[in-house]
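> no FASTA, just this:
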């Protein structure tokens, strides 16, 4: 015996004992209709013209060629190949054979006992079904196969009494309708034909009700799945662009406690605005389906002061501007500012003055109160707008404020009085400070 491990054995090519079984495919290139004839010609190594001629001849035998072509179209998978498109001559030959086959089928049907209109109707149904089958993808075809196997038989086996009665009633109506349809067509009795068609249609509807219901349900499931997928993609993109970037910055600035607090507050503010703000994620779907948006309150009871705001004007409202102001003060003075807004509306000159006075009040609290948090509460009603700035800090005596300090006198009190508003101050040393800004509003505001 020779050495099986020698050089010849190592260089001898390996042949598998299991060869791939050749399969029939419809070809995408060189096709005239569906690529059935081209696929058979490739599979049998025959000229494609011979195969097309065979289908044309078989069409004269009771439409066998048409039926065979349609079945192969439905049940044989299509595969792309490297061949080119059919030449002009091949296409002309294929079209001629196609017309010839259909003509032979019609002539033979006309000469036989089968009415030509019945052959034409059945052929139209087969062609329409084949087109629907061809346009569907593989997953949809597999689903149709499963439903075809389980719809009627599954109902008879596993369904309840009502389901069985429905299937039997539908099948009975279809059989009765077809019987009277053929009988009435043979005797040219139009009322009988119409009644038969109606019975057939009703029977088909009764049989296919579950299929239509499943189709509608599948469409709803597909739509819900697509919406959830889009939402997940949007959330993932936002978290990557905001939260993850902020966490990376916090890691780099871990030695600076103030910078870490500033980044954390800034990210918390931005995330809350994205989730719950007027233009935030939780209101995106509503804003896309409705042109005007009723701006909801941020917190607190409903005052009836909601004002319809267009999506384009979301950035010009009291809540968004106040949130922006508080965010800037947080970043500048390392103090947490918690704004709460009840009601909302578009900014006008008087409301801008109110927010400017509120900004000065919050800045004073952040600079002089010695606290880590300042509370801001705003409430907008149709007839007035009120805003409170409160801290639990050191407080002060208003009579001891130096004359060169113009923040409270000019930036707050003077600005409010010029716009028809007023300021109430409650403070004392060691008891904190509360500034109440009250601004009347005209009905058109």
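Sure thing, it's come through. Quick caveat: nothing in here was measured; it's all calculated off a predicted structure.
> tally of neighbours for residue 234?
When neighbours are counted by other Cβ atoms under 10 Å, residue 234 registers 12. From N, CA and C alone the C-beta is placed, and that goes for glycine too.
> just residue 245 next, same as before
By other Cβ under 10 Å, 13 other residues sit near residue 245.
> same deal with the one 5 residues further on?
Neighbourhood size, residue 250 [other Cβ under 10 Å]: 17.
> I'd like the numbering to begin with 18 instead of 1 from here.
Understood, numbering begins at 18; the last thing we discussed is residue 267.
> quick one: it from residue 381, how far?
Distance from residue 267 to residue 381, counting by Cβ to Cβ, to the nearest Å: 30 Å.
> just residue 257 next, same as before
Applying Cβ to Cβ, the value for residue 257 to residue 381 is 39 Å.
> ok, the two, which is more surrounded?
Using other Cβ under 10 Å, the more surrounded residue of residue 257 and residue 381 is residue 381, with 21 against 10.
> from what I can see the more buried one touches residue 413, true?
No: counting by Cβ atoms under 8 Å, residue 381 does not reach residue 413; the two are 9.4 Å apart.
> where does residue 454 land in three-state SS?
Three-state assignment for residue 454 (DSSP: H, G, I helix; E, B strand; the rest coil): strand.
> list the contacts for it?
Contacts for residue 454 (Cβ atoms under 8 Å, 6 or more residues apart in numbering) come out as 371, 374-375, 378, 403-406, 429, 433, 438, 440.
> let's have those residues in TSV, adding secondary structure and distance to residue 418.
Formatted as TSV, those follow (DSSP: H, G, I helix; E, B strand; the rest coil; distance: Cβ to Cβ, whole Å):
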residue	secondary structure	distance to residue 418
371	helix	22
374	helix	17
375	helix	19
378	helix	14
403	strand	24
404	strand	21
405	strand	20
406	strand	17
429	helix	12
433	helix	17
438	coil	21
440	strand	14
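> only whichever of these are buried, select them in PyMOL.
The buried residues among the contacts of residue 454 can be selected in PyMOL (16 or more other Cβ atoms under 10 Å) with this line:
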select buried, resi 371+374+375+378+403+404+405+406+429+433+438+440
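> could you save the contacts of residue 454 as JSON lines and add columns showing pLDDT and distance to residue 239?
Converted to JSON lines, the contacts of residue 454 look like this (pLDDT from 0 to 100; distance: Cβ to Cβ, whole Å):
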{"residue": "371", "pLDDT": "94", "distance to residue 239": "50"}
{"residue": "374", "pLDDT": "92", "distance to residue 239": "54"}
{"residue": "375", "pLDDT": "93", "distance to residue 239": "49"}
{"residue": "378", "pLDDT": "91", "distance to residue 239": "54"}
{"residue": "403", "pLDDT": "95", "distance to residue 239": "50"}
{"residue": "404", "pLDDT": "96", "distance to residue 239": "49"}
{"residue": "405", "pLDDT": "96", "distance to residue 239": "51"}
{"residue": "406", "pLDDT": "95", "distance to residue 239": "52"}
{"residue": "429", "pLDDT": "89", "distance to residue 239": "58"}
{"residue": "433", "pLDDT": "91", "distance to residue 239": "57"}
{"residue": "438", "pLDDT": "93", "distance to residue 239": "56"}
{"residue": "440", "pLDDT": "93", "distance to residue 239": "59"}
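> how much space between residue 433 and residue 342?
Residue 433 is 16 Å from residue 342, where distance means Cβ to Cβ.
> my bad, should have said residue 359
17 Å.
> also residue 245?
Taking Cβ to Cβ as the measure, residue 245 falls 36 Å from residue 342.
> these two - which one has more neighbours?
residue 342 (19 against 10).
> give me the element the more buried one is part of.
Secondary structure from DSSP states H and E places residue 342 in helix 335-350.
> can you list the strands that whatever helix or strand comes next after that helix pairs with?
Next helix or strand after helix 335-350 toward the C-terminus (DSSP H and E): strand 353-359. Strands that pair with strand 353-359, judged by DSSP bridges, come out as strand 390-397 (parallel).
> now do the partner strand against helix 335-350, angle only.
160 degrees (axes from the mean of the first three to the mean of the last three Cα atoms, to 10 degrees).
> could you give the mean pLDDT of strand 390-397?
Mean pLDDT, strand 390-397: 94.
> quick one: low-confidence parts of the stretch 18-167 of the chain?
Residues of the stretch 18-167 of the chain that meet the criterion pLDDT under 70 lie in 18-52, 58, 60, 62, 66, 73-84, 87, 90-92, 95-167.
> kindly report the same for the stretch 268-417 of the chain.
Using pLDDT under 70, the stretch 268-417 of the chain drops low at 294-332.
> for residue 248, helix, strand, or coil?
helix.
> okay, it and residue 242: tell me how far apart.
Distance from residue 248 to residue 242, by Cβ to Cβ: 11 Å.
> repeat that for residue 280.
Relative to residue 242, and taking Cβ to Cβ, residue 280 is found at 36 Å.
> more neighbours, these two?
Legend: neighbour count by other Cβ under 10 Å for residue 280 and residue 242, higher for residue 280 (19 against 10).
> isn't there a strand covering the more buried one?
No: looking at residue 280 with three-state DSSP, it is helix, so not inside a strand.
> what's the neighbour count on residue 341?
By other Cβ under 10 Å, 15 other residues sit near residue 341.
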